[in-house]
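Engineer: predicted model, plus sequence, below.
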Amino acid sequence: LDVGQKSEGVVLSREMKTLDPKSLSIGSELIVYVMNPETSEGTILLSVDRAKGEQGWRVLERAMEDDRNMDGDVIAINKGGAVVESEGIQGFIPLSQLVGESRDLYMSDNEETKQSLVGMKLEFKITELNRRRNRAIFSERAALEAMKLKLKAKKINELTVGEIVEGKVLGTSSFGVFVDIDGADGLVHISELSWDTVVDPENFVSVGELIKVKVINIEKETLRIA
């Protein structure tokens, strides 16, 4: 490579495993990492793989600083979870942080079904980065929760106090019922379930049931809907 210096730069084959040599031609431009500015032969030793790795760490670091979701491909699974590659960096999503389809595949008793998780693209948040230890921990669950909060914030801006809407029962507790309204969850307090006394909300509604509710309060700062 011509790197603008008096000496030419050389990328050894072992330092370009992430590159398809057939994609290169004279005049191609590459981003490289300087491993040795002057070898005993008088050349500059370069690495394509290290450059991609350095770029990848920087992209992930910026994403973590910005609290931004990233995506990557599952390249392997083990007893603890899934190994995911993103921006040329291998990270790990623990089983507790897998959600939805990826978790269902991982938990399958059928080994073939379980292995079908390899190659799947997942969206995640970065929870830990340690470049020195070459350690990256990702969370699909955190990414999903962030998307839900974003959707809820959008829905809250569309709702108005006094509006009557249809919602789906998500679950119950001793103090009321949680209802999903197009991606935004709200609480129907036990005192607002009926004119009659309700002792146990679980016996009053069923999970998945569609019910009509009236919006009586919205707290935009805390994203709470009553």
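Structural biologist: Received the coordinates, thanks.

Engineer: what's near enough to touch K220?
Structural biologist: Contact criterion C-beta atoms under 8 Å, 6 or more residues apart in numbering gives A153, I156, N157 as the residues in contact with K220. Heads up, the C-betas are built off the backbone N, CA and C, glycines and all.

Engineer: buried ones only from those, please, as a PyMOL command.
Structural biologist: Command for PyMOL, covering only those of those found buried under the criterion 16 or more other C-beta atoms under 10 Å:
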select buried, resi 156
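
Engineer: and the contacts of K220 as TSV, adding secondary structure and pLDDT?
Structural biologist: Compiled in TSV, the contacts of K220 are given as follows (DSSP: H, G, I helix; E, B strand; the rest coil; pLDDT from 0 to 100):
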residue	secondary structure	pLDDT
A153	helix	89
I156	helix	89
N157	helix	89
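
Engineer: okay, buried residues for whichever strand or helix holds T172 please.
Structural biologist: The secondary structure element spanning T172 is strand 164-173 (assigned by DSSP states H and E). By neighbour count, with 16+ other C-beta under 10 Å as the criterion, the buried positions of strand 164-173 are V165, G167, V169, T172.

Engineer: tell me which strands and helices that strand is in contact with?
Structural biologist: Here strand 164-173 is seen to pack against strand 176-181, strand 210-214 when contacts are counted using 3 or more C-beta pairs under 8 Å, 6 or more residues apart in numbering; DSSP states H and E.

Engineer: most tightly surrounded among these?
Structural biologist: Mean neighbour count (mean count of other C-beta atoms under 10 Å) peaks for strand 176-181 among those, with a mean of 20.

Engineer: figure out how far the helix or strand following it is from the centre of its chain.
Structural biologist: Sequence order places strand 184-189 as the next helix or strand after strand 176-181, per DSSP H and E. For strand 184-189, the separation from the chain centroid amounts to 26 Å (computed by C-alpha atoms, centre = their mean, to the nearest Å).

Engineer: what's next to stretch 30-41, contact-wise?
Structural biologist: When contacts are taken as C-beta under 8 Å, 6+ apart, the neighbours of stretch 30-41 outside the stretch itself are 1, 3, 7, 9-11, 15, 19, 24, 44-48, 50-55.

Engineer: among those residues, which lie within strands?
Structural biologist: Secondary structure from DSSP state E places G9, V10, V11, I44, L45, L46, S47 of those in strands.

Engineer: name the member of those residues with the most neighbours.
Structural biologist: In terms of neighbour count, L46 stands highest of those at 24 neighbours, by other C-beta atoms under 10 Å.

Engineer: so it bridges to which residues?
Structural biologist: V11, V34 (DSSP bridges).

Engineer: also G72?
Structural biologist: On the basis of DSSP bridges, G72 takes part in beta bridges with L122.

Engineer: for it, give its distance to V207.
Structural biologist: 33 Å (C-beta to C-beta, to the nearest Å).
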